[in-house]
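Visitor: build me a model from this:
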Amino acid sequence: MSLSLTSPVSGSAQTGFTTPAYVIAADTAPTSAGKQYAVSGITGTQTGVDTTSSPSKPFTITLSRPAVLKTVSAVDPVTGALRSVPRNSYKIIIRKGVLPLAGQPASVLNATLTIDVPAGSDVADPANIRASLSLLIGALTQASASIGDTLVTGVI
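Guide: Numbering: from 1, shown residues only. Next up is the predicted model:
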């Protein structure tokens, strides 16, 4: 199954937001190894949030994989150990135009999640790859409002 999103995307809890969701539309990704979606509308109570993506105030999500997937290298014939373990980097990037100061042009906030998967582990240890992702997404979901509050207040 390929990585894709369906519209609307349910948002996670944030201080001051009530049942946030994002209507998305397919967009053109920066590379052929990615998919991109632009926010074309919002639902729920999100006072002050721009409702659509635009060139000057983008609101997009890009999902990408390596252009060329790496494989595990040969085992050293003397030591029996792998000489190196290359990594395949998958990324999720959010771009959102935000105002640095009222009356000023938007500046783009970038949020990037990179997951570096050791080559070969997709076959040798898929359960533990899934477990790491399960914990990551669970923690992000659980701490979503706290992370938002920290980004706004600077208090961790």
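Visitor: for the spatially most central residue of the chain, name its beta-bridge partners.
Guide: Closest to where the C-alpha atoms of the chain average out (C-alpha atoms, centre = their mean) is residue 92, at 2.8 Å. Beta-bridge pairing of residue 92 under DSSP bridges involves residue 63, residue 113.
Visitor: what sits against it?
Guide: 61, 62, 63, 64, 112, 113 (C-beta atoms under 8 Å, 6 or more residues apart in numbering). Where C-beta positions appear, they are placed from N, C-alpha and C, glycine not excepted.
Visitor: tally of neighbours for the nearest residue to the fourth one once chain neighbours are set aside?
Guide: In space, not counting the residues next to it along the chain, residue 64 is nearest to residue 34; the distance is 3.4 Å by C-beta to C-beta, 6 or more residues apart in numbering. Using other C-beta atoms under 10 Å as the criterion, residue 34 is surrounded by 18 other residues.
Visitor: give the contact list for residue 3.
Guide: By C-beta under 8 Å, 6+ apart, the contact set of residue 3 is 35, 63, 65.
Visitor: circling back to that earlier point, let me know the closest of the contacts of residue 92 to residue 47.
Guide: residue 61 (21.7 Å; C-beta to C-beta).
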